[in-house]
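1. Based on what follows, work out the 3D shape:
(one chain, ligands or ions: 2)
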Amino acid sequence: MATLSVNVNKIAVLRNSRGGDEPRVTAAAEAALRAGAGGITVHPRPDQRHIRPQDVRDLAALVAGRAEFNIEGNPFAPARGDYPGLLALVRETRPQQVTLVPDGDGQITSDHGFDLDRDAGRLAPLVAALKATGTRVSLFMDAGAPGIARAAELGADRIELYTGPYAQAHAAGDSAAAVALCRETATEAQAAGLGVNAGHDLSQANLADFLRGVPGVLEVSIGHALVGEALYAGLEPTVRAYLAIIASAR
Ligand SMILES: CC(=O)[C@@H](O)[C@H](O)COP(=O)(O)O
Ligand SMILES: NCC(=O)COP(=O)(O)O
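-> Ligands and ions are numbered 1, 2, ... in the order given. Presented below is the predicted three-dimensional model:
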């Protein structure tokens, strides 16, 4: 059954909007874990639009020994101000997992996975350095990306299927092709010995159909929709609703 990793980026967006300490990302993570979430995810970006380095340190301490901590980020992005770079943050906080995402600062959000034909040479030494910290490494990949097995060859443990296009197709009422593409890519990854995670724009509306169509997903990381839904229903009830969907989709 897939682990639910709650992404708390959007709690930090609200906090930063007023320049104070509330709402606290640690309080949100505590509530998510209390409700049964199996993990917490953050995506610290060099421009610190939401999650800041100190959030990562605070959450690492809070989650330790209780659940999985997953840090996402662009491994090629240089340090900037007090953002020390992804590898430095991972070395310092030792999360269970790091998910490499090829986002540039100009993106409003993550919208594509790695091009391994272009990126494998640069990724391999970074993956090795990250694994040397004892952290599981996952690569953010598009459904249908060619050469998925190369992720295993360069040392990754998992891929994370970018589910944005699936979510858009589901909202349009025509997700069969998107699910099939995700299933094909997941099967290719699993045949190469890679675990399969999934994330981006998953929601209570589209999660069950995805999990039923893509067998063997180990983790779903969900933030934007979950936090939005929690504004109306509360964070703990919303996390429990996602857990019930995951359980029902087995
Ligand atoms: C990699 C991915 O799809 C998301 O986890 C990402 O963290 C979203 O980033 P924002 O919360 O900054 O949109
Ligand atoms: N890796 C996906 C993630 O952590 C959250 O993505 P979203 O639910 O905020 O789109």
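2. The most centrally placed residue in the chain bridge partners, please.
-> Centroid-nearest residue in the chain, with CA atoms, centre = their mean: Ser221, separated by 4.6 Å. With DSSP bridges as the criterion, Ser221 is bridged to Ser5, Gly199.
3. Do a quick rundown of the strands in the protein.
-> 3-7, 39-42, 68-73, 97-100, 136-142, 158-162, 195-199, 217-222 (DSSP state E).
4. Turn those into TSV, columns for distance to Arg150 and mean pLDDT.
-> Bear in mind the C-beta positions are built from the backbone N, C-alpha and C, glycine included. Compiled in TSV, the strands of the chain are given as follows (distance: least, CB to CB, whole Å; pLDDT from 0 to 100):
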stretch	distance to Arg150	mean pLDDT
strand 3-7	25	99
strand 39-42	24	98
strand 68-73	20	98
strand 97-100	14	98
strand 136-142	10	98
strand 158-162	11	98
strand 195-199	15	99
strand 217-222	20	98
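5. Can I get those strands in CSV including distance to ligand 2?
-> Conversion of the strands of the chain to CSV gives the following (distance: least, CB to the nearest ligand atom, whole Å):
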stretch, distance to ligand 2
strand 3-7, 4
strand 39-42, 4
strand 68-73, 6
strand 97-100, 6
strand 136-142, 7
strand 158-162, 6
strand 195-199, 3
strand 217-222, 3
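6. thought the residue nearest to the centre of the chain was touching Thr41?
-> Yes - between Ser221 and Thr41 there is a contact under CB atoms under 8 Å: 4.3 Å.
7. Common neighbours of those two, please.
-> Both Ser221 and Thr41 are in contact with Ser5, Val6, Asn7, Asn70, Glu72, Thr99, Gly199, where contact means CB atoms under 8 Å, 6 or more residues apart in numbering.
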